[in-house]
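K.L.:
could you look at this predicted model? Sequence included:
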Amino acid sequence: MNIQSALDRATRAQWEVFIQQSRRVDIQLRQSRTEASIRQENVGYGIRVITPRNGGAGVGFASCNSEGELEATAEKAHELAKMNRTPFFELPVKKKLPSVQIVDRRILTNPEAAARDYAEAVQGMVSDSKEILMTFGKVRAYVVETKILNSRGLSSRSKGTYIYLEMALKIGTGSNPTEFWPTRYARRIADLEPTKIVPEWLDIARSCLKRHPPKTKETTVILSPAIACDILVPTIGFHASGEAVHQNLSQFKEGAKVASDQLDVVDDGLYPYGLRTSPFDDEGEPQRRTKIIERGIFRHHVQDQLYAQVLGAKPTGNGIRPRGFGDVDERYQVPPANFTTNLTLKPGHDSLDALVEDVKEGILIHQAAWLNPDEITTRFGSEIRNAQEIQNGELGEAIVGGSMSGSALDVINRISGLSNRPEIVTGYAFGCVAPYVRVDNMQISGPS
Amino acid sequence: MVEQWINFNSSFALHIPIRVVPHMERKRADESDSAMDDLQQALKGVRLTYADGLYNWQVDLSIRKNKDRESMSTRSIKGVSLRGFTNRGWVYSNTNRTDHRTIARLARSLNRSRSTDAPQLCRPDAIKLDKKAPVKKDARDVTLEEKLRTVRNIFSLAQSMDPRIVDVRVDYSESYMERTLVTSQGTEARQLVPRTRIMLAVIVKEDGVTDYDYVLMGGVVGYEVVDDLTETVVKGTVQSAAEQLKAAAPPLGLHKVILDPGVVGTVCHESFGHGLEADQALRGRSYLKDMIGKKVASDLVTMYEDPTLEGAYGSYYFDDDGTLSRKNTIVENGVLVSFIHDMETAVAMKASLTGNSRTQNATRRRFIRMSNTYAKPGDWSVDDMIKDTKHGVMLVHWQSGMEDPLGGGMQVIAKRGYLIENGQKTKPIKSIALSGRVLEVLGNVDAVSKEGFQVEAGTCGKGSEDYIPVGSGGTWWRTTAVIG
C-alpha cells in the first residue's frame, strides 16, 4: 500500500506518519539457566494530523500496527484534529541531515546470535565469581528501523541497534543477603562490554556484603552516572524545554546563573552511540548539539516544532517520542513531546578515586531504589540501595537503606566535582551521558 | 515499581500511558473469533508438551487539556504471543502482525526448541469462557464531543477557583483490553476489560514557589467515573495544591506515622507484595522465601490479593495462563499464608494456582504479578488514631513505590502530609519518602482503622518494565518508619 496516497485521501490537513519496524531478541536468565527466550517481530505506525483553524489548529494522533488499518487510522487522527484546540504549528520540511553512529554491525547482522553470545558471556563471568549469584537477568538485542514521512515532502529513514542488560546480583546467604540490581541500554556492545561492565557491577555487589544504614545528616555524596541521569534528565529536561517556558514553569532564564560553575550541560543529539542519537528527531527535524548550561549559566532552551513556533524560536531537534510504558521499538504509539535527546554532562579532570580522596566524610551512592523526581518542583526522595561510606578520602563499609532526598535545582548548585570518564547511561530515565558527580550537603535520612 | 502520578511532560519514560481509544470497532467479535481460530490451528502444529497462544487487542482513547493546548489520541494495537514450555525454559514467538500466515509461521518456529523432557507444569483446568466486564455507562456510547466538553468543563472550573493557579491539567483516558487465550490443554477463553480514568492536576505559584496537587480516579469502570470528579473534589484539590505552597519539609528519621489507605496499599503491594511473587522465590530472590506459616506482620494485619474485586483497576476474569481469578488471602492476622503463583512455580513449590500470571501485552512475556492488593479494615476510628498519637507524621496521597524483593527494603513516596502534634493534625508538609525494612514496618502496625476503605488505581512494573494495571489499598494504619 502507498502510505502517502492513503493519507492524502483521508485528509487534506498536514500529516506525518512515523513508522518503526523491529526485530527483538530477549533472553531471560535465572541463575545458570535460561528462564525464557523471546523472539519478536514488530511494526507500527503513528499518524499525526494538524488541521489549521481560526488562527490555531487541532491536532489528532492515532497509532496502529497494521498497514491495512492505515487509512482508517489517518481518518481517526483527522477526526480528533477537527475537534480540539492547539496553537498552530507546521511540520518540518526536508533538510540536510547529519551523519550519526548508531549501529552495531554484529547486532544488525544477527541479533539472535549477538544476544545469545552476550548472555553466555555474562553468565560465565558471574558464575566465575563464587560468592555472587545472578538470581535473574535479561539480555535483549534490537534492530530498529525508523521512517518518517510528512505532507510537506519530508521523507527520512534510519536504522539503529540497541542492547539491554539487567542483572540482579545477590551477595550473602542465610537471612541477610542483599543485591545490586542495575539495568542499562546501549547502542553497541562495546559500550556494554561484558569484560568491562560485569566486573564493575560484581565489585559493587561484593562491596555490599558488610553494610549498615546511614545516619540522618547532610553530607557530601558522589552520585553514580546512573543516579545523575535519573535526577537530572527529567528535571533539567523539563525546565530546559520550550514547553516549560510557555507554561511559565521553567526555572531557567537565559543568561541566569542556575548551577555550580563546574557544570556544563549540552543536549547532544549527535553523541556517538548515544541512546537518543539520530539524524533526525521524531518529527523529522535534524538533531544537533544545543548548549543548555555553560559554567553554571543557563544558555538555551530546547525546542520541538510546536513550542519553537509558539515562542518565535528555531526548532532544535527536540521533538521526542518517549518510550512511555513501551520499549525503544514501540515509540510509534506515542506522539512527540518537547524534551532533551542525550543530556550530556561535560566530564571534569579528576578520576573517581581523586573525587573520593577529597572527601573527608561522605557517601558514594551507586544505586537508589527509584529517584523519580518531580519534574515541576524537581524534588526527589529515594531509598539508598547500594552505597559506600567515605571516611578521610577512603571508601569504607557499605551503606544500604535510609533515604536520600532533595531537589535537582539544589543538586546542580551544589556540584563540587565531576569525574573524568563520562558514560552512556540509563537509570529509569533514558538519554544521558554523565560522569560521577560530587554534590555537597545532600540530605540523608536513616533510623538514627 | 508502582506509580499513580502522570508525569506532566509526556517525554519522561515513566508516565502512565493514557493515550488512546474511541470506538472499539464493532467488528470486534468477528476479529477475535478469527484470532481464536488462527491460534487453535497454529497450536495444532506445535510439537511441545505444552503450548498456548494469546491474542491481545488494546484500544485506547486519551484526551488531555492544559492551558497551552488540547491533545487527543487513539491507539489500536494488536499482537499475538505464542509460547511453549521446554527443558530450556519458556520459548516465545511474539509479533504484532496478526494475520494467520504469520501466526502459523511463528507457531512452527516454536518447534525449533523441541524438547522431550520439559519439567511439569501445574496446568489449570481447561475453561471455555467469553466474558465482558460490566460497566454502568459504556464510554463507547458517549460521543467524543461530550468527552471533550467534560474535560473542558473540569479545566475551567478548577482554573477559576484560585488566582495562584498557573496551570490546570485534565487527563481523561479509556482503554479496552480484549484478550483471547487458547491452550494445548483445551482452554478457549476471551475477556474484554474496559478501564477508564480521569485525572485533575492543579499547579499553583506564589512568591517564586511552584507546587501542585492532583486527584486520579479510575478502575474497571465506564464513563461513570467522571461523575466522581465533583465540584467538591475539584475544590479540595485546588485547596491542597495551594496548601503545598506553604508546606514545610518533612521531619527526618524514625517516626510514628499514620498512613492513608493509598499509602497502606502501596506498602502492601510494592514493599511487601513483590516478595510474594513465587518466581522471585524460585530465583532465590525473595525475602519471604522461607516464611510461609510464620509471623510477618502485627496481628492486626490481614491482606488479600484479589483480581475478582468488582470495579477495581487490577481486576480480570482469568489470568494469562488460563487460571480463573479468585480471592487469595496472603497474610492472615500477621501470618504469611500464601505466595502468588503461575503454572511453573505452583509445581515447583507444591502450591495451588492463584491466578496471577499476567503480561503487559503480546510483545512481552508472562510473569507472576499482583492484581488488587489490599489490607483488611480494623476497628479504630481515624480520629482516635490521631488523638492517640503524641508526635508523628501523617502521610497522605501516595505517588509511587519501588520494590526490593530480595532485601525487603521499602520506598513509598507520598505527595504530602501533616505533622501530628499532641494528638492533633497540624502543619502541612511536602512530599515524603517512607523507607525502612518492610517487615519491621508491618510488625510495628499498632492501629488499623475501620473506615475509609479504598482501593486505588496504579500502574505496576516488574522492575522498570512490563507495566500492568493494578489496584492497591486498605484503610488507615499507624506504624513506625523512617521518613525523609
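P.N.:
Great, that's in hand. Numbering: from 1, shown residues only, chains lettered A, B, ... in the order given.
K.L.:
got any ranges where the chain has weak pLDDT?
P.N.:
Here I'm looking at chain A. Per-residue confidence for chain A (pLDDT under 70) gives these ranges: A:1-3, A:6-7, A:10-11.
K.L.:
I was thinking of chain B, sorry if that wasn't clear
P.N.:
By pLDDT under 70, the weakly predicted segments of chain B are B:2, B:4-31, B:114-116.
K.L.:
mind giving me the domain ranges of it?
P.N.:
Using automatic domain parsing, the domain ranges for chain B come out as B:2-245, B:253-483.
K.L.:
before we move on, what about chain A?
P.N.:
Domain assignment for chain A by automatic domain parsing gives A:3-207, A:211-445.
K.L.:
what are the buried residues along stretch B:244-259?
P.N.:
For stretch B:244-259, a neighbour-count test (16 or more other CB atoms under 10 Å in any protein chain shown) marks B:244, B:245, B:247, B:250, B:251, B:252, B:254, B:255, B:256, B:257, B:258, B:259 as buried. Backbone N, C-alpha and C define where each C-beta goes, glycine included.
K.L.:
on the three-state scheme, the first one is what?
P.N.:
Of the three states, residue B:244 takes helix according to DSSP: H, G, I helix; E, B strand; the rest coil.
K.L.:
now for the nearest residue to it once chain neighbours are set aside, how many residues are close by?
P.N.:
Spatial nearest neighbour of residue B:244, chain neighbours left out: residue B:211 (3.9 Å); criterion: CB to CB, 6 or more residues apart in numbering or on different chains. Neighbour count for residue B:211, taken as other CB atoms under 10 Å in any protein chain shown: 26.
K.L.:
save the domains of chain A as TSV, and put in mean neighbour count and distance to residue B:300 too.
P.N.:
Shown next, in TSV, are the domains of chain A (neighbours: other CB atoms under 10 Å in any protein chain shown; distance: least, CB to CB, whole Å):
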stretch	mean neighbour count	distance to residue B:300
domain A:3-207	20	25
domain A:211-445	22	25
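K.L.:
and of those domains, who's closest to residue B:144?
P.N.:
For residue B:144, the closest of the domains of chain A is domain A:3-207, at 6.2 Å, according to CB to CB.
K.L.:
residue B:106 should be in a helix, yeah?
P.N.:
Yes - counting by three-state DSSP, residue B:106 falls inside a helix.
K.L.:
roughly how far out does stretch A:37-44 sit from the chain middle?
P.N.:
Remark: stretch A:37-44 is offset 22 Å from the chain centroid, using CA atoms, centre = their mean, to the nearest Å.
K.L.:
let me fix that: stretch A:153-160
P.N.:
On CA atoms, centre = their mean, the centre of stretch A:153-160 falls 22 Å from the chain's centre.
K.L.:
which residues sit against that stretch?
P.N.:
A:16, A:91-94, A:97, A:100, A:102-103, A:108, A:143-149, A:187, A:278-280, A:284 (CB atoms under 8 Å, 6 or more residues apart in numbering or on different chains).
K.L.:
just the C-alphas of that stretch, formatted as PDB.
P.N.:
Taking C-alpha atoms only, stretch A:153-160 is exported to PDB below (Å, rounded to 0.1, in the frame of the first residue of the first chain):
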ATOM      1  CA  GLY A 153       7.600  16.400   1.400                       C
ATOM      2  CA  LEU A 154       9.800  15.100   4.200                       C
ATOM      3  CA  SER A 155      10.900  11.500   3.900                       C
ATOM      4  CA  SER A 156      13.700  10.300   6.200                       C
ATOM      5  CA  ARG A 157      14.800   6.900   7.500                       C
ATOM      6  CA  SER A 158      17.400   5.500   9.800                       C
ATOM      7  CA  LYS A 159      18.400   2.100  11.200                       C
ATOM      8  CA  GLY A 160      19.800   1.600  14.700                       C
END
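K.L.:
please enumerate the helices of chain A.
P.N.:
Under the criterion DSSP state H, helices of chain A are mapped to A:3-10, A:70-81, A:105-109, A:111-128, A:194-207, A:225-239, A:242-246, A:305-311, A:352-357, A:408-413.
K.L.:
cool, and the stretch 201-350 of chain B?
P.N.:
Under the criterion DSSP state H, counting those that start in this stretch, the stretch 201-350 of chain B carries helices at the ranges B:231-245, B:261-266, B:278-282, B:343-348.
K.L.:
just these: most buried one?
P.N.:
Highest mean neighbour count among the helices of the stretch 201-350 of chain B (mean count of other CB atoms under 10 Å in any protein chain shown): helix B:261-266, with a mean of 30.
K.L.:
that one close to chain A?
P.N.:
No - using CB under 8 Å from any CB of the partner chain, helix B:261-266 never reaches chain A; the gap is at least 12.3 Å.
K.L.:
and chain B, which of the helices of chain A is closest to it?
P.N.:
For chain B, the closest of the helices of chain A is helix A:70-81, at 4.0 Å, according to CB to the nearest CB.
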